[in-house]
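Q: next come a sequence and a model predicted from it.
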Amino acid sequence: MKKRKTILKKFNPTIVTIIVFILLSIFIIKGNEVLSSNRKEEVNSETEYSAYPGVDIITDIYEEDTQNVAIHYPSFNDNSLNAEISDYIYNSKNEFLNNVDNNQEYLKKYPATLNISFDIHPFYKDMYSIVFSSESYVTGANGMQKSRVFLLDVKKNQFINQREILNDNEKNRDKLYNLLLKEFEKSEKYNQFLFNDYLKDWVFDKDNSFENMFLTEEFLSFKFDKYMVTAGVAGTPEINIPLNKVDDLISNDWKEIIKINSQEKTTPPNIPEEIDEIESENKDNENKIPSKQVAITFDDGPHPVNTLSILRLLDEYNAKATFFMLGSKVDFYPDVTREVSKNDHELGNHTWNHKKMTSLGKEEIELEIQKTNEAIIAATGGKGSTVFRPPYGAINDEVRDIVKMQCVLWTIDTMDWKSHNPDEVLGIVKENITDGSVLLMHDIHNSTVEAVELILKFLKDEGYEFVTVSELNSN
Ligand code: NI
């Protein structure tokens with residue numbers, strides 16, 4: 001300590017001040033860089049609380065005059081794995097955007113939609129099947145449905161080729177054909193739509209490398225594209241053959257893996273230990289009763305870092321909020337979901353993967369709502385969602401009837417997803433706030449955390465009380 005002081009003394013104080021000033025400037029610039037490189041931050045910091053060790057889920061959602069887009073994709077620690085997934089997403093998106101460009105006029109009336117989402121199946125230690133589904137509707141007529149399968153080992157940072165798994169020869173193809181046929185015939189959903197000749201041609205095609213094949217803990221599965229072996233109404237069928245029936249079809253190396261697997265099932269995704277308790281110090285309710293209320297709402301989460309930061313801020317201001325969650329993200333981050341519910345915020349249902357409800361059939365709508373609710377209940381240990389918010393705010397009477405929950409929209413769109421600018425977000429709130437406002441925000445963006453802090457401070461000073469949407473509506 002003493003030594004340091006003497007060193008400092010030797011310097012001219014103005015020089016010291018200048019150096020400190022320069023260092024501070026560098027620090028601030030660096031800080032801003034980190035904030036502005038949202039994407040990188042999200043990818044890097046998301047690994048810790050995932051229910052699927054080594055994998056995170058990234059969500060990209062935007063809404064323009066001519067298009068509504070929601071893209072969900074997995075993110076890994078390894079860049080070569082990420083690069084291949086990015087290529088797939090980039091190409092799918094480009095194809096869609098080209099179609100949008102060619103139909104601009106029409107789309108101003110009926111926006112195009114793109115939804116890319118994935119199912120993830122852990123099938124062995126550190127190994128996952130990722131099954132993408134991409135659906136797009138551009139000119140209203142027939143939508144496009146496509147799928148793509150990736151098998152990977154996140155420990156070795158490698159993709160797994162289906163050919164390694166399959167013991168491919170004439171006899172086995174015959175067996176495979178019969179197994180697939182049997183499963184198709186058993187399936188009430190698909191049996192009347194199968195084109196047997198197509199299936200036969202597909203299985204015996206010499207160039208077939210079975211890229212649509214994947215493993216789960218119980219099945220050897222195949223994801224077929226639309227029209228590939230069935231009529232269009234069947235969509236993209238997924239056929240599952242129980243592992244105990246496919247022994248002959250599996251190469252020797254993989255037989256071992258699958259055998260071990262079926263004996264002692266892979267442990268369910270690790271649920272990490274309790275996230276540090278968020279200190280909730282109930283600030284004394286000041287004696288004066290606030291006369292004005294506001295409901296802050298967050299869509300498209302939960303997010304493993306940003307949601308938790310927002311929870312801390314809300315606690316600081318003794319604020320309650322409503323979180324409209326996507327089931328696919330609740331599935332990845334059950335601990336974060338539980339943390340939200342433990343803090344007495346309201347849990348809302350925002351569908352499983354952000355499809356536009358008004359363009360879906362009854363069954364699909366029910367499935368989106370139900371799956372999401374089940375994930376929330378599983379994560380929180382009982383507390384389900386109490387309110388619903390339709391993606392893109394797209395709602396009609398048919399959707400309302402099916403949902404059977406209160407449907408909540410918003411009165412102030414903060415545009416946080418677009419500007420990524422906390423000051424601009426605050427500006428929008430300042431300009432539009434009134435008693436009973438419902439603010440729309442998104443807890444998946446880093447910049448939103450900062451915006452929430454600014455908004456809480458501003459609205460508290462203005463005398464607002466922060467309540468959930470159900471509390472707001474009950475008054
Ligand atoms: Ni949304």
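A: The structure has been received and is ready for your questions. Numbers count the residues shown, from 1 in each chain.

Q: contacting residues for the closest residue to the ion within the stretch 51-200 of the chain?
A: Closest contact between the stretch 51-200 of the chain and the ion, by Cβ to the ion, is at residue 61 (5.5 Å). Placement of C-beta: from N, CA and C, glycine included. Residues in contact with residue 61 (Cβ atoms under 8 Å, 6 or more residues apart in numbering) are 69-71, 300, 354, 391, 417, 442.

Q: from the residues you listed, pick the one nearest residue 241.
A: residue 71 (30.4 Å; Cβ to Cβ).

Q: pretty sure that closest one is touching residue 59, no?
A: Yes - in this structure, residue 71 is within contact of residue 59 by Cβ atoms under 8 Å, at 7.3 Å.

Q: give me phi/psi at the residue nearest to residue 257 when sequence neighbours are not counted?
A: Nearest residue to residue 257 in three dimensions, chain neighbours excluded: residue 124, at 5.5 Å (Cβ to Cβ, 6 or more residues apart in numbering). Per-residue torsions, residue 124: phi -160, psi 170 (degrees, to the nearest 10).

Q: was I right to think residue 124 contacts residue 259?
A: No - in terms of Cβ under 8 Å, residue 124 does not count as a neighbour of residue 259; the distance is 10.9 Å.

Q: please say which of the two ends up with more neighbours.
A: Between residue 124 and residue 259, counted using other Cβ atoms under 10 Å, the more crowded position is residue 124 (15 against 12).

Q: burial measure for residue 52, as a count.
A: For residue 52, using other Cβ under 10 Å, the count is 18.

Q: can you pull the contacts of it?
A: For residue 52, the contact set (Cβ under 8 Å, 6+ apart) comprises 120, 122, 128, 269, 332.

Q: tally of neighbours for the closest residue in space to the last one that isn't next to it in sequence?
A: Going back to what we said before, that points to residue 332. Leaving aside its sequence neighbours, residue 332 sits nearest to residue 57 (Cβ to Cβ, 6+ apart; 4.6 Å). Residue 57 has 23 neighbours, counted by other Cβ under 10 Å.

Q: bridging residues for the residue of the stretch 51-200 of the chain closest to the ion?
A: Counting by DSSP bridges, residue 61 is bridged to residue 70.

Q: got the phi and psi for residue 456?
A: Backbone dihedrals for residue 456, given as degrees, to the nearest 10, come out at phi -60, psi -40.

Q: per-residue confidence at it?
A: Looking at residue 456, its pLDDT reads 98.

Q: check contacts around it.
A: 313-314, 316-317, 319, 466.

Q: where's it relative to residue 450, distance?
A: The gap separating residue 456 from residue 450 is 11 Å, by Cβ to Cβ, to the nearest Å.

Q: try residue 324
A: Relative to residue 450, residue 324 is positioned 21 Å away (Cβ to Cβ).

Q: residue of the stretch 201-350 of the chain closest to the ion, please.
A: Residue of the stretch 201-350 of the chain nearest the ion, by Cβ to the ion: residue 299 (4.0 Å).

Q: apart from its chain neighbours, what residue comes closest to that residue?
A: residue 324 (4.7 Å).

Q: repeat that for residue 160.
A: Spatial nearest neighbour of residue 160, chain neighbours left out: residue 151 (4.0 Å); criterion: Cβ to Cβ, 6+ apart.

Q: so the one you found: helix, strand or coil?
A: At residue 151 the chain is in strand, as set by DSSP: H, G, I helix; E, B strand; the rest coil.

Q: for residue 92, phi and psi?
A: phi -60, psi -40.

Q: tell me the contacts of it?
A: Each residue near residue 92 by Cβ under 8 Å, 6+ apart is listed here: 114, 116, 134, 146.

Q: dump the residues you listed to JSON lines, plus secondary structure, pLDDT and neighbour count.
A: Output for the contacts of residue 92, formatted as JSON lines (DSSP: H, G, I helix; E, B strand; the rest coil; pLDDT from 0 to 100; neighbours: other Cβ atoms under 10 Å):
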{"residue": "114", "secondary structure": "strand", "pLDDT": "96", "neighbour count": "22"}
{"residue": "116", "secondary structure": "strand", "pLDDT": "98", "neighbour count": "23"}
{"residue": "134", "secondary structure": "strand", "pLDDT": "95", "neighbour count": "22"}
{"residue": "146", "secondary structure": "strand", "pLDDT": "92", "neighbour count": "15"}
